[in-house]
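K.L.:
whatever this is, show me its structure:
(2 chains)
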Amino acid sequence: DAGVIQSPRHEVTEMGQEVTLRCKPISGHDYLFWYRQTMMRGLELLIYFNNNVPIDDSGMPEDRFSAKMPNASFSTLKIQPSEPRDSAVYFCASSFGKKNIQYFGAGTRLSVL
Amino acid sequence: RKEVEQDPGPFNVPEGATVAFNCTYSNSASQSFFWYRQDCRKEPKLLMSVYSSGNEDGRFTAQLNRASQYISLLIRDSKLSDSATYLCVVNNKYSGGGADGLTFGKGTHLIIQP
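P.N.:
Next up, the predicted model:
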C-alpha cells in the first residue's frame, strides 16, 4: 500500500520566494493534516481538512500561509512570501474516520535562505 | 501549563535494560491517547494506542492514569533499535466527534547504548 506521499522531499529557496508543498493522502482517508516541526516548537498542527473541506486553520501562523485541497487525493501548502523563520520540516498526515490514528508522509525539509 | 509535556531527555540506557517515561496532559476532557515513535530525520509513526485499562504490545507497555493526567510508556529488554524519539499524543476533543484536536508532545529522546 502506498502511504502518504509528499513532494518535494527537500526545498531550498531564497527569502521572498513562493514555496508550494504537495501531499497525496492514503486513498480512502477522509482527514488530511498539515504539520510543521522545529526543534524549538516540536510538531505543530497548521490546518486540517475533512472530506476536502478546511475545518480548522487556527494553527496557520499568518496570512503568508495558505492550504488547499481541491480533491480527495491532493493537497497543497503554500508560503508566499517565504521567510527564513519558515525553515522547518513540514509533514502531511491522513487518517480515516474517527480512529484518530494518523499516518504521516516522509516530510518536506524546507530551508529558506 | 503546556497541553502535553514530556521530559525531552535524552535517556541513555544500556541495552537490555528497562526504561520508562511519562507524559502529562492538561485537559481533563482528553479522550484518547497514543505513543508515536520518530526516528532521526523520519516521520512519526504510531507505536501504540493507550487504553484506560493499560495495554501491552510485546516489550512495550502503556498505562493511563486519568486521575493524575499522565500516560506512561515502559520498554522492557531494550534493543539498540529502540533508539528514537517517543512522542506522546493526546486527543483533545473540544467539540463532538472527528479526528481533530491531536496535540503532540515534543518528545522524549531515547538512546540505547551497547
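K.L.:
in the sheet, who's paired with B:Ser72?
P.N.:
Judged by DSSP bridges, the bridge partners of B:Ser72 are B:Asn22, B:Gln63.
K.L.:
that one against B:Gly54, yeah?
P.N.:
No - the criterion here is Cβ atoms under 8 Å, and B:Ser72 misses it with B:Gly54 at 9.1 Å. In short, each C-beta sits where N, CA and C put it, glycine included.
K.L.:
host element of B:Leu74?
P.N.:
strand B:70-75 (DSSP states H and E).
K.L.:
just how off-centre is the following helix or strand past that strand within its chain?
P.N.:
Using DSSP H and E, the helix or strand that follows strand B:70-75 in sequence is strand B:84-91. Its chain's average C-alpha position is 4 Å from that of strand B:84-91, according to Cα atoms, centre = their mean, to the nearest Å.
K.L.:
show me what strand B:84-91 is packed against.
P.N.:
Contacts defined by 3 or more Cβ pairs under 8 Å, 6 or more residues apart in numbering or on different chains; DSSP states H and E place strand B:84-91 against strand B:4-6, strand B:19-25, strand B:32-38, strand B:70-75, strand B:102-104, strand B:108-113.
K.L.:
return the residues in contact with the residue nearest in space to the middle of chain A.
P.N.:
Taking Cα atoms, centre = their mean, the centroid of chain A lies closest to A:Trp34, which sits 3.3 Å from it. Neighbouring residues of A:Trp34 by Cβ atoms under 8 Å, 6 or more residues apart in numbering or on different chains: A:Cys23, A:Leu45, A:Leu46, A:Ile47, A:Tyr48, A:Ala67, A:Ser75, A:Leu77, A:Tyr90, A:Phe91, A:Cys92.
K.L.:
quick check, nearest of these to B:Val4?
P.N.:
A:Leu45 (12.1 Å; Cβ to Cβ).
K.L.:
thanks a lot, see you next time.
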